[in-house]
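[1] Quick one, fold the following:
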Amino acid sequence: MSLKAYFQDEAPNAAEGLPGLRLPGLRLSVVVWHLCWAGYCLFGLLGLLLLPASPLVIAALVMITVPGAACVILLSRDSRFMRQALMWVWSLGALLAVGLTGGISGPLAVWCALPLLAAVVLNQRTLITLGASLAFGVTLFAIMISVWHGIKLPDEQEGFWLSVIANVSIVAGLGLAVLPALRMRSERANEAEDTRDRLLKMLTEQPSLLICLDGDGRVVAAYGEAPAGLDLKALLQLGLPASAHVPDRMGVKAAIETAIMEGRADIGFTPHAAMDHYVLLSLRKGGDDRLYGVMHDASLSHAHEASLEAARIEAESLNQGKTQFLASMSHELRTPLNAVIGFSDIMRLKMFGDLPPKYAEYAQLIWESGQHVLDMINDVLDMSKIEAQKYELTLESFDMREPVSAALRLIRGQAHEKTIDIISQMPEMTLTVTADKRAIKQICLNLLSNAVKFTPQGGDVRLSLSQREDVVDIVITDTGIGISAEDLSRIGQPYEQSGSAELRAMGTGLGLSIVKAMAHLLGGSMILSSRLGEGTTVTVSLPVVQTDEQPELPMPVPVQPEPQGVVQSLEAFARAAQNATRHATHNPLEDISHTPDSLSRFSDFVIRPPKS
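    All right, here's what the predicted structure looks like:
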């Protein structure tokens, strides 16, 4: 052990099978005191040898020298056991020295207190208790020896010098023992005071306001920087609720009651003295049944969150207006368009007589264009209903093969014109499901139409209908132009298209989005996989039995996303933390074990004004 280690207050962990036990450090003054005691006793022994002294007196001084020299063993092995063993050595040495000189009536009777004196030197509370017990025991044995009268008292001259040696050693030894102990106590007290000052400075200089409340919401203690706009006079004199704006006071009182009952609460409020500021408060219940809270200014984050909320409401309003406009316009356009398609169809079929070839060609173009516009309007109308959450399902039990076959019959004519083979694979047995027959037909028709539309002449389109457990899979595969990896991530959103401008002009980008939305309405899902130039595979998985409850469509609202780096407001974080705590299984007060004693004395108020 180095010399510097003797001055340390803490020694390494003790051995003797007590891991983690820490002892006060072995100070140099302890070793010096013991060595000085041994040297003093040896010096007194040499002086008595000149008298000459009796053998019992010499033996007594030799015995009392041994404990002083035995302290050297602590330099190499310091532990609780070795210190206790040293106390027993002191007791034995004192007992022999007092006993050999006549017991309690002898000149060395004062040495009965040596175990207690040695315990004071070692400066350890448990050893002081042991030393007092051992000193009392040595005193009892010394009294018994004196009553026995079996040992002769030293003569007058020896007795005088032994009394001088004993009394001087006790007085000097006690003085030298108490001074280091008092100094150590003073150092520890100063260190505790410094620690308290550092803690108080840290609490005062931190940027939030820490408060301690009683059950009525009155502030008992407060430290730190006051949030901007907070009325400190109302806070300290009238309590926490009085510092909030009138509409928010009931919420603050409710948060205090919640914290008392449940152990924690979080709330934000507007100070009554500054309506343009916002304060966040987080309350926790301590082990002393008081409430401890943290208050800080959240004006900027609250304003940012309010602006986001306003933007969200505005976006929802705009989206709702757009949906209603499209729905009304679709109805208005379909009425005259149906007349255009009907009359052009009559002219195309020459129902009232022949037409010149040029007029017949124009009638055919009018009919095809009108039919194309009608299809797009129907898609827009369906998407508008879906976005407005007004698309209602008509549930019934039917054979799944019926709507799929109907969609195949409708698309075969279009496929025949492009010399595209339609290959279908359906189960031979009845496949009964409970769903909306029209929605399933619309799903198959949209997917088959897209497959035929984007597959070159001579290609093929395959439809597979199968069942696995309680799920029905509709798989449509084509050998068309495919979709690039860049476009694949956004295909399926409303009005999103891929490919060149010529390909985009062939539709509105609503087919897949309608399929995806209808699949979700039916409780299923849509999976899209494709390779550019090789083809596309769309898998729609639907449950066999659909419940009567219609799920809400997860249609995204076109809100401007937050920029990178914007931190979530503390109020939202606090609400999330509170919700997570309510659903947790652990005790909300687990993290609060007790109130530190060093903090229980803080009853003053150290509040800094807000920094600009």
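[2] How far does the helix or strand containing K441 sit from its chain's centre?
    Here K441, judged by DSSP states H and E, is contained in helix 437-453. Remark: helix 437-453 is offset 48 Å from the chain centroid, using C-alpha atoms, centre = their mean, to the nearest Å.
[3] cool, stretch 41-50 as well?
    Stretch 41-50 sits 73 Å away from the centroid of its parent chain (C-alpha atoms, centre = their mean).
[4] hang on, the earlier thing: show me what counts as buried in the helix holding K441.
    By 16 or more other C-beta atoms under 10 Å, the buried positions in helix 437-453 come out as 437, 439-453. Every residue, glycine included, has its C-beta placed from N, CA and C.
[5] ok, now stretch 235-252?
    Neighbour count says stretch 235-252 has L235, L236, G239, L240, P241, A242, S243, A244, H245, D248, R249, V252 buried, by 16+ other C-beta under 10 Å.
[6] could these go into JSON lines alongside distance to G286, secondary structure and pLDDT?
    Putting these into JSON lines (distance: C-beta to C-beta, whole Å; DSSP: H, G, I helix; E, B strand; the rest coil; pLDDT from 0 to 100) gives the following:
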{"residue": "L235", "distance to G286": "19", "secondary structure": "helix", "pLDDT": "84"}
{"residue": "L236", "distance to G286": "20", "secondary structure": "helix", "pLDDT": "82"}
{"residue": "G239", "distance to G286": "18", "secondary structure": "coil", "pLDDT": "83"}
{"residue": "L240", "distance to G286": "16", "secondary structure": "coil", "pLDDT": "85"}
{"residue": "P241", "distance to G286": "20", "secondary structure": "helix", "pLDDT": "87"}
{"residue": "A242", "distance to G286": "23", "secondary structure": "helix", "pLDDT": "85"}
{"residue": "S243", "distance to G286": "21", "secondary structure": "helix", "pLDDT": "85"}
{"residue": "A244", "distance to G286": "22", "secondary structure": "strand", "pLDDT": "87"}
{"residue": "H245", "distance to G286": "28", "secondary structure": "coil", "pLDDT": "86"}
{"residue": "D248", "distance to G286": "24", "secondary structure": "helix", "pLDDT": "88"}
{"residue": "R249", "distance to G286": "24", "secondary structure": "helix", "pLDDT": "88"}
{"residue": "V252", "distance to G286": "19", "secondary structure": "helix", "pLDDT": "88"}
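[7] out of these, who's nearest G131?
    Nearest to G131, judged by C-beta to C-beta, of those is L236 at 51.8 Å.
[8] I'd assumed A222 was in contact with that closest one.
    Yes: between L236 and A222 there is a contact at 7.4 Å, judged by C-beta atoms under 8 Å.
[9] so where's this structure shaky on pLDDT?
    1-27, 181, 323, 326-331, 334, 372, 375-376, 378-391, 486-510, 545-612 (pLDDT under 70).
[10] try 50 this time
    1-24, 501-505, 507-508, 546-603, 612 (pLDDT under 50).
[11] can you give me the strands for it?
    For the chain, the strands defined by DSSP state E cover 209-213, 219-225, 264-269, 279-285, 291-297, 395-399, 421-425, 432-436, 460-468, 471-478, 525-531, 535-543, 605-608.
[12] now the fifth one: how far from the chain's centre is it?
    The offset between the C-alpha centroid of strand 291-297 and the centroid of the whole chain comes to 18 Å, using C-alpha atoms, centre = their mean.
[13] Kindly report the same for the third one.
    Relative to the mean C-alpha coordinate of its chain, strand 264-269 is positioned 17 Å out (C-alpha atoms, centre = their mean).
[14] Mind giving me the packing neighbours of that strand?
    For strand 264-269, the packing partners by 3 or more C-beta pairs under 8 Å, 6 or more residues apart in numbering; DSSP states H and E come out as helix 246-262, strand 279-285, helix 570-583.
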